[in-house]
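Here is my input, please return the structure:
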Amino acid sequence: MQNKELHFLSNIADLLIKDIDTKELADSLKILLNLYSGLESLSLYVFDSVSNTMRNCAEDWSVVDEESSVYEAYNNIQGHDFVINSKAYKLPPVIAEINLKIKSLYMPIIREGQVFGLIDLEFGDNTSVDMEFLFLMKIIASQVSLKLQNIVLNEQSKINVEFHDSMKNIAKIIETQYELNYIVPLIGEMLDRFISDHLIYVFLKQDNEFKLIWPKACNDSRIYEVLKQLTPQTSYVLTNDDKIGAFPLTSDDEITGCIVARSTLDKLSKRDISYLEQLTRQSAITINRANAYSKVLQYATLDALTNLNNRRQFEIRLKQEIATAKRQKNPLCAMMIDIDFFKKVNDTYGHASGDIVLKTVASVIKEHLRESDIPSRYGGEEFAVLLPYTRTEEAKVVGERLRKAVEETVIPVEGKNINVTISMGLAEFQPEESGEHLFERADKALYEAKEGGRNKVCVNTSV
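Have a look, this model is predicted:
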């Protein structure tokens, strides 16, 4: 073997010991082979036996069209060393003096003696190769095969870890959250991150109809047709093209909701279906526990996480304070507070860190209010505060004090110190106004604060 070939193999060996992904592997191989042979393009394909599809592992594992010549080459190369210009070849035992004009070259990727993928090399016009080049390519194919096996195994291990993390995180939600309008979006986001190749929808059954809870819209009528096919005995239902799957959420042999996965490109594989079945079962357990827990807590007065009044107790206190304000003609202000970009905290640091932020903000709010003020956790990252005997100007002073205190509070999460801000809406009670209308006005002011740049206090003066 000449020095040129030895140097080339040395460069390939250096490349294959690096910690790289499949795209970097394909790009780097193309550069090296282009220097050696005038290569035009290089692709790496792996056959997915679960979905019976060929995937381009250098292009986000996208599925190769069934009409592609890659499938034909994959079938032809079984038991051979190469497919050259659509014809399969085995190398002779010794190097012979032969030159071949070549346009395309497929080399097998081998695992445990079986072909599980292809290296696709495409050359320019009038390219010729000799037998020594083909022997060299056979050596490279075996080295790349080992590298790809390691990458695929590592990526599968990573998927398995992410799957178990998703199962664990869904199960842990109930430790601190029990409001369905809060936990269902969390479950939807977790599923969406894990099953990233498909769109995820979460439905709950209300008044015997499926209501979309997450995300905000679903415009595919086929999904609603699939939902009609679900029964308590159904594990899942697929459309005829296997691109939409509906997985029922059940409790006591009754359907309480459904998780739907939809793809616009690829079919749901057996692996996807298995993961979704298990994740749906865990989601159903979590939702059912949340329902049971909320029934127990509906008679409690404090929020389990923040130790502030819960929403039910807040509504009781609101009626009482409205009645007192009317009877005694005393001023009363309502305050709605929202933690800015709270979803980003959850996504960046995890939901356990999100809980720390909620508890810290609740503590700061309570610390900077009077004994007579009534702070409550309204739901999710929202807080509601009643300020008896308080007019708008006084409430603005209180609000600015709270806003500044939260902004300056350092919160330790995941070994880092972070700061968060709050947006706030204020409204003063008007004679003959209902409690619901008072808080609608405070909520509109909160919306104005968020639309106006966040970390500010806005007042609703309309009646």
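
From N240, how far off is the most centrally placed residue in the chain?
Centroid-nearest residue in the chain, with CA atoms, centre = their mean: R193, separated by 1.6 Å. Using CB to CB, to the nearest Å, R193 is found at 28 Å from N240. All C-beta spots, glycine's among them, are computed from the backbone N, C-alpha and C.

same check, this time on T392
61 Å.

now do S62
Taking CB to CB, one finds S62 at 23 Å from N240.

Check the average confidence over stretch 257-274, would you?
Confidence for stretch 257-274, expressed as mean pLDDT, is 86.

List the buried residues of that stretch.
257-263, 266-269, 272-273 (16 or more other CB atoms under 10 Å).

What is the nearest of the residues you listed to S294?
For those, the residue nearest S294 by CB to CB is G257; the value is 15.3 Å.

picking up where we left off before, where's the residue nearest to the centre of the chain, which helix or strand?
helix 180-194 (DSSP states H and E).

care to break this protein down by domain?
Domain ranges of the chain: 3-157, 176-297, 311-460, per automatic domain parsing.

K168 is nearest to which of those domains?
Comparing those under CB to CB, the one sitting nearest is domain 176-297, at 8.9 Å.

what sits against Q313?
Q313 makes contacts with 300-302, 376, as judged by CB atoms under 8 Å, 6 or more residues apart in numbering.

can you give me the strands in the stretch 51-200 of the chain?
Ranges of strands in the stretch 51-200 of the chain, per DSSP state E, counting those that start in this stretch, are 53-56, 62-63, 82-84, 87-89, 99-101, 104-111, 114-123, 128-130, 199-206.

if you average pLDDT over each of these, which comes out lowest?
With a mean of 77, strand 62-63 has the lowest mean pLDDT of those.

So for the nearest residue to L369 once chain neighbours are set aside, what's the pLDDT?
Excluding its sequence neighbours, the residue lying closest to L369 (CB to CB, 6 or more residues apart in numbering) is P375, at 5.9 Å. At P375, the pLDDT value in this model is 96.

same thing with P215?
Value for P215, per-residue pLDDT: 91.

for it, what are its contacts?
188, 201.

and it, backbone torsions?
phi -70, psi -160 (degrees, to the nearest 10).

now swap in T324 and tell me
According to degrees, to the nearest 10, T324 has phi -70, psi -40.

will you turn the domains of the chain into JSON lines that also has distance to K168?
Shown next, in JSON lines, are the domains of the chain (distance: least, CB to CB, whole Å):
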{"stretch": "domain 3-157", "distance to K168": "16"}
{"stretch": "domain 176-297", "distance to K168": "9"}
{"stretch": "domain 311-460", "distance to K168": "11"}
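
Looking at these, spot the one closest to D165.
domain 176-297 (8.4 Å).

got a pLDDT number for the residue nearest to the centre of the chain?
For R193, the predicted pLDDT is 83.

ok, for it, nearest residue in space, not its chain neighbours?
Looking at R193 with CB to CB, 6+ apart, the closest residue is S166, at 7.7 Å.

residues contacting that neighbour?
190-191, 193-194, 279.

contact partners of stretch 406-414?
The contact list for stretch 406-414 (CB under 8 Å, 6+ apart) reads 345, 349-350, 353, 356-357, 360-361, 364-365, 417-422, 455.

Can you dump the C-alpha atoms of that stretch in PDB for me?
Extracted C-alpha coordinates of stretch 406-414, given in PDB (Å, rounded to 0.1, in the frame of the first residue of the first chain):
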ATOM      1  CA  VAL A 406     -39.400  40.100  43.600                       C
ATOM      2  CA  GLU A 407     -37.100  41.500  41.000                       C
ATOM      3  CA  GLU A 408     -34.300  41.900  43.600                       C
ATOM      4  CA  THR A 409     -34.700  38.500  45.100                       C
ATOM      5  CA  VAL A 410     -32.000  35.900  44.200                       C
ATOM      6  CA  ILE A 411     -33.400  32.400  43.800                       C
ATOM      7  CA  PRO A 412     -31.000  29.400  43.900                       C
ATOM      8  CA  VAL A 413     -31.900  26.700  41.400                       C
ATOM      9  CA  GLU A 414     -29.800  23.900  40.000                       C
END
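
how about it: buried residues?
For stretch 406-414, burial by neighbour count (16+ other CB under 10 Å) applies to 406, 409, 411, 413.

again with stretch 200-220
Buried-residue list, stretch 200-220, by 16+ other CB under 10 Å: 200-205, 210, 212-214, 218.

now stretch 93-104
For stretch 93-104, a neighbour-count test (16+ other CB under 10 Å) marks 102, 104 as buried.

Run the chain-centre distance for that stretch.
49 Å (CA atoms, centre = their mean, to the nearest Å).

Pull up the distance across it, start to finish.
Using CA to CA, to the nearest Å, the end-to-end distance of stretch 93-104 comes out at 23 Å.

which residues are contacting that stretch?
Taking CB under 8 Å, 6+ apart as the rule, stretch 93-104 contacts 83-86, 120-123, 125-132, 135.

Show the buried residues in these.
Among the contacts of stretch 93-104, the ones that count as buried by 16+ other CB under 10 Å are 83-84, 120-121, 123, 127, 129, 131, 135.

of those residues, closest to E225?
Nearest to E225 among these: D120, at 39.9 Å, using CB to CB.

Helix, strand, or coil at the nearest residue to the closest one once chain neighbours are set aside?
Using CB to CB, 6+ apart and skipping the chain neighbours, the partner closest in space to D120 is S43 (4.3 Å). Assigned by DSSP: H, G, I helix; E, B strand; the rest coil, the conformation of S43 is strand.

neighbours around S43, how many?
18 (other CB atoms under 10 Å).

what residues are up against N419?
Contacts of N419 (CB under 8 Å, 6+ apart): 407-411.

do the same with L136
Counting by CB under 8 Å, 6+ apart, the residues that L136 touches are 5, 8-9.

Mark which of these are part of helices, please.
Within the contacts of L136, residues falling in helices by DSSP state H are 5, 8-9.

Make CSV from those and add distance to R441 and pLDDT to it.
As requested, the ones in helices among the contacts of L136 are exported to CSV (distance: CB to CB, whole Å; pLDDT from 0 to 100):
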residue, distance to R441, pLDDT
E5, 80, 73
F8, 75, 76
L9, 75, 80
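
Looking at neighbours, which among these is most surrounded?
Counting neighbours by other CB under 10 Å, F8 comes out on top of the ones in helices among the contacts of L136 with 19 neighbours.

Does it touch L29 like I think?
No - checked against CB atoms under 8 Å, the pair F8 and L29 is beyond contact range at 11.3 Å.

Grab the longest helix from this protein for me.
Under DSSP H, the helix in the chain containing the largest number of residues is helix 131-172.

before we move on, back to that, quick one, which of T392 and N240 is more surrounded?
Neighbour tally, T392 and N240, criterion other CB under 10 Å: the higher count belongs to T392, 14 against 7.

Can you tell me how far the more buried one is from V398?
11 Å.

low-scoring stretches of the stretch 201-350 of the chain, by residue?
Along the stretch 201-350 of the chain, segments meeting pLDDT under 70 span 297-299.
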